[in-house]
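Asks: Provided below for reference: sequence and predicted model.
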Amino acid sequence: MYAIVDIAGQQFKVEKDQQIFVHRLAGEVGSAVDFEKVMLIESNGKVDLGTPFISGATVSAKIISHMKSDKVIVFHKKRRKGYQKSNGHRQYMTKISIESIGDKIVAKPKKAKTEKVETTEE
C-alpha cells in the first residue's frame, strides 16, 4: 500500500514505516502530524485517484528530528573578467516517519438525474 501526498508544497510517494526528509514543518520532535492532501492511494491493486485530492483520506506521520541538509554551493563566474563569487546555504529540513495511511473514503455524492419534460406545441 502506498500513497502520493502533498507535503509542504511537494509531492511524495510514501509507504508505511518509511522515513523521508521534507521541508521544515511546524511541530515539536515526537509530535504527530496529519496530511490531508492525499492525491492517490493504492491498496491491493486498487487505485483511488482524487480530483485533485481524495476527501476523507489522511496520512499520519511522526516528527523524528529537525536538521539542516547538506550545503549547496552557488558559484558565479564571468570568464575573462576576473569576477568570481561563491556563496552557499543549508536548507532546513524535517525527518518524518510515516505511521499510517488511512483511506477513509467518503461516499461520493450521486449526481441527480435530470428528467426531460416533454412539451407539446400546439
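Replies: That came through, no problem. Residues are numbered from 1 along each chain as shown.
Asks: Can you point out the buried residues in stretch 51-66?
Replies: Neighbour counts over stretch 51-66 (16 or more other Cβ atoms under 10 Å) mark Ile54, Ala57, Thr58, Val59, Ala61, Lys62, Ile63 as buried. Yep, even glycine has a C-beta here, placed from its N, CA and C like the rest.
Asks: Dump these to TSV, plus distance to His76.
Replies: Formatted as TSV, those follow (distance: Cβ to Cβ, whole Å):
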residue	distance to His76
Ile54	44
Ala57	45
Thr58	44
Val59	40
Ala61	38
Lys62	41
Ile63	36
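Asks: CA atoms of the helix or strand containing Met39 as PDB?
Replies: According to DSSP states H and E, Met39 maps onto strand 38-43. Output of strand 38-43 as PDB, limited to C-alpha atoms (Å, rounded to 0.1, in the frame of the first residue of the first chain):
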ATOM      1  CA  VAL A  38      -3.800  12.900  -0.400                       C
ATOM      2  CA  MET A  39      -3.800  12.600  -4.200                       C
ATOM      3  CA  LEU A  40      -3.600   8.900  -4.800                       C
ATOM      4  CA  ILE A  41      -3.900   5.700  -2.700                       C
ATOM      5  CA  GLU A  42      -3.000   2.200  -4.000                       C
ATOM      6  CA  SER A  43      -4.200  -0.800  -1.900                       C
END
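Asks: start the count at 21, not 1, going forward
Replies: Yes, from this point I'll number from 21; that puts the last item at strand 58-63.
Asks: Give me the distance from that strand to the chain's centre.
Replies: 11 Å (Cα atoms, centre = their mean, to the nearest Å).
Asks: So which bits of it are buried?
Replies: Val58, Met59, Leu60, Ile61, Glu62.
Asks: Contact partners for the fourth one?
Replies: With Cβ atoms under 8 Å, 6 or more residues apart in numbering as the criterion, the residues that contact Ile61 are Met21, Tyr22, Ala23, Val67, Asp68, Ile74, Ala77, Ile121, Asp123.
Asks: No more questions from me, cheers.
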